[in-house]
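Engineer: here's a sequence, model it:
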Amino acid sequence: MNDIDGNSVYDINYNAFTIDMLFRWVFFPGSEINVVWKNSIFSDDEGIDQTYWNNLFGNLQDGPMNTFSIKLIYWLDAQYLKK
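Structural biologist: As a prediction, this is how the structure comes out:
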């Protein structure tokens, strides 16, 4: 399959570098707090003839996308609440 200029649309170099860190604290049976940090870098280009290290260092030069999230799960005991 070719694009409008006659170049193949499949000749791309896609790189993804991700780091995930999770802190999980179980403070009561069935109840927990999760704190998650994710760092990701994605890049693509048409330079498919590069070496592995050139790809890695070129990918790391692109700006990272960081996300941070907190999730609270709390178990409510219906039998306890009935009392």
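Engineer: give me the residues contacting the helix of greatest length in the chain.
Structural biologist: Ordering each helix of the chain by length in residues (DSSP state H) puts helix 52-61 first. With Cβ atoms under 8 Å, 6 or more residues apart in numbering as the test, helix 52-61 has contacts from 13, 15, 16, 17, 41, 43, 50. Every residue, glycine included, has its C-beta placed from N, CA and C.
Engineer: 7 Å instead, please
Structural biologist: Contacts with helix 52-61, where a contact means Cβ atoms under 7 Å, 6 or more residues apart in numbering, come from 13, 15, 17, 41, 43.
Engineer: packing partners of the helix or strand following that helix?
Structural biologist: Toward the C-terminus, helix 52-61 is succeeded by strand 65-73 as the next helix or strand (DSSP states H and E). If you count contacts as 3 or more Cβ pairs under 7 Å, 6 or more residues apart in numbering; DSSP states H and E, strand 65-73 packs onto strand 31-45.
Engineer: distance between the strand it packs on and the chain's centre?
Structural biologist: 4 Å (Cα atoms, centre = their mean, to the nearest Å).
Engineer: what's the burial count for the nearest residue to residue 3 once chain neighbours are set aside?
Structural biologist: Distances taken as Cβ to Cβ, 6 or more residues apart in numbering put residue 9 closest to residue 3, at 5.3 Å, once the chain neighbours are dropped. With neighbours defined by other Cβ atoms under 10 Å, the count for residue 9 comes to 8.
Engineer: likewise the one 4 residues further on?
Structural biologist: When neighbours are defined as other Cβ under 10 Å, residue 13 has 15 of them.
Engineer: show me the beta-bridge partners of it.
Structural biologist: Residue 13 forms beta bridges with residue 45, as assigned by DSSP bridges.
Engineer: hang on, the earlier thing: now the contacts of helix 52-61 as TSV including distance to residue 1 and pLDDT?
Structural biologist: Shown next, in TSV, are the contacts of helix 52-61 (distance: Cβ to Cβ, whole Å; pLDDT from 0 to 100):
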residue	distance to residue 1	pLDDT
13	17	79
15	22	85
17	28	89
41	28	90
43	22	84
